[in-house]
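Visitor: build the 3D model from these lines:
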Amino acid sequence: MSKRFYPFVFSLFVFAADFAWASPCCGGSFSLPSLVAGDEKAQLTTSIVRNEIVSDVYPDGHWRDRGFRETMETLKIEGAHILRDRWQAGGSMPLIRRSRGEASSTGLGDAVATLGYEYLPDWDYNPWRPKGLGYLQLTLPTGKPVQQAESPYQLDSRGRGFWSLGVGTLLSKTFLEWDAYASLAIHRSLARKYSNEQGSGTLTPGWGARWGVGVGYNIADFRVGASLLWTYEDPVSVSGTQSSPGAVERLATASLSASYLIQEDWSAMLSYSDDTKFGNPVNARLGRALSFQLQRRWSR
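Guide: Presented below is the predicted three-dimensional model:
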């Protein structure tokens, strides 16, 4: 395996998993960044994910398994490009189809724009020091929030509906055939007005955070990996015609992946994620997702 393949498969595993982790908030949750983590100058990624919601967890922690089938299918296009020296920019746009029984709705989810900086480069291939990427991330409310849903079962809700600004970091390291990472991101969402058939008012969100760890093993042109990501969101309070203090949202997502280097500049990955196995979820919809990703990269 070439030395350039190690950072690539790592970046593929880390950044591809964000679409599977987006399930709690209808595909619109604050995601990991679309950034180049390897030695390339640019990358373009297309991913398809099918997520089936299997359980609901209420604010009091009570679980209820679904007696009906609800699925969410997401087609996401994302890309990133080196701007200058260690600066880069990226973005992503998801198209989401939600279905329940015979009813379905299709439309855009929340778009994301990212600006990153490699604050801890690995030019000398230090055996212990990790590579560090920091980033700012802006989430645009291009997906309709649940408070403004109009279709049956609120299937036309495909995003959180808030402008959000976040900051995060990603640390990665390769040890022979192994690679590992740790990530941390914090974001703040802004209040917004809403109106629907039941009334109108103001939605006030708060802070949110995501932190995760992952590890992978490389064999020739193949890589297998596993990760665990924790998600937290402050309550969204409602004031107006109806008032509610909201409730904290919390869950953990476990993922398994297998990737393959098709050619020097092309790769594919298959992954599976599950929200039901770890952590102590609260106020969340839990799903299981299967996804496929195809990525094209351009060398410097």
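Visitor: could you pull out the buried residues of the helix or strand containing Ala42?
Guide: Element membership for Ala42 (DSSP states H and E) is strand 40-57. For strand 40-57, the neighbour count (16 or more other Cβ atoms under 10 Å) marks 40, 42-43, 45, 47, 49-57 as buried. The way it works is simple: take the backbone N, C-alpha and C, and place the C-beta from them, glycine included.
Visitor: show me which residues of stretch 244-258 are buried.
Guide: Of all the residues in stretch 244-258, those buried under the rule 16+ other Cβ under 10 Å are Gly246, Ala247, Glu249, Arg250, Leu251, Ala252, Thr253, Ala254, Ser255, Ser257.
Visitor: phi, psi of the first one?
Guide: Read that as Gly246. Gly246 adopts backbone torsions of phi 80, psi -180, taken as degrees, to the nearest 10.
Visitor: how about the nearest residue to it, chain neighbours excluded?
Guide: Distances taken as Cβ to Cβ, 6 or more residues apart in numbering put Pro235 closest to Gly246, at 3.2 Å, once the chain neighbours are dropped.
Visitor: checking the one you found next. Helix, strand or coil?
Guide: On the three-state scheme (DSSP: H, G, I helix; E, B strand; the rest coil), Pro235 is labelled coil.
Visitor: what bits of this structure have low per-residue confidence?
Guide: 1-33 (pLDDT under 70).
Visitor: excluding its backbone neighbours, what's nearest the residue of it most remote from its centre?
Guide: Here the chain reaches farthest from its C-alpha mean at Thr241, the gap being 33.0 Å by Cα atoms, centre = their mean. For Thr241, ignoring the flanking residues on the chain, the nearest one in space by Cβ to Cβ, 6+ apart is Gly199 at 2.5 Å.
Visitor: of the buried residues of strand 40-57, closest to Asp124?
Guide: Glu40 (19.7 Å; Cβ to Cβ).
Visitor: my read: that closest one touches Ser267, true?
Guide: No. Applying Cβ atoms under 8 Å as the test, Glu40 and Ser267 come out as separate, 11.2 Å apart.
Visitor: picking up where we left off before, right, and the residue farthest from the centre of the chain touches Asn196 too?
Guide: No. With contact defined as Cβ under 8 Å, Thr241 does not reach Asn196; the gap is 9.4 Å.
Visitor: what residues are up against the residue farthest from the centre of the chain?
Guide: By Cβ atoms under 8 Å, 6 or more residues apart in numbering, the residues touching Thr241 are Gln198, Gly199, Ser200, Gly201.
Visitor: hmm, back to that, and the residue nearest to Thr241, bridged to which residues?
Guide: When bridges are called by DSSP bridges, Gly199 pairs up with Asn196.
Visitor: where do the helices sit along the protein?
Guide: Listed in chain order, the helices of the chain (DSSP state H) span 5-16.
Visitor: could you pick out the longest strand of it?
Guide: Using DSSP state E to define each element, the chain has its longest strand at strand 63-84.
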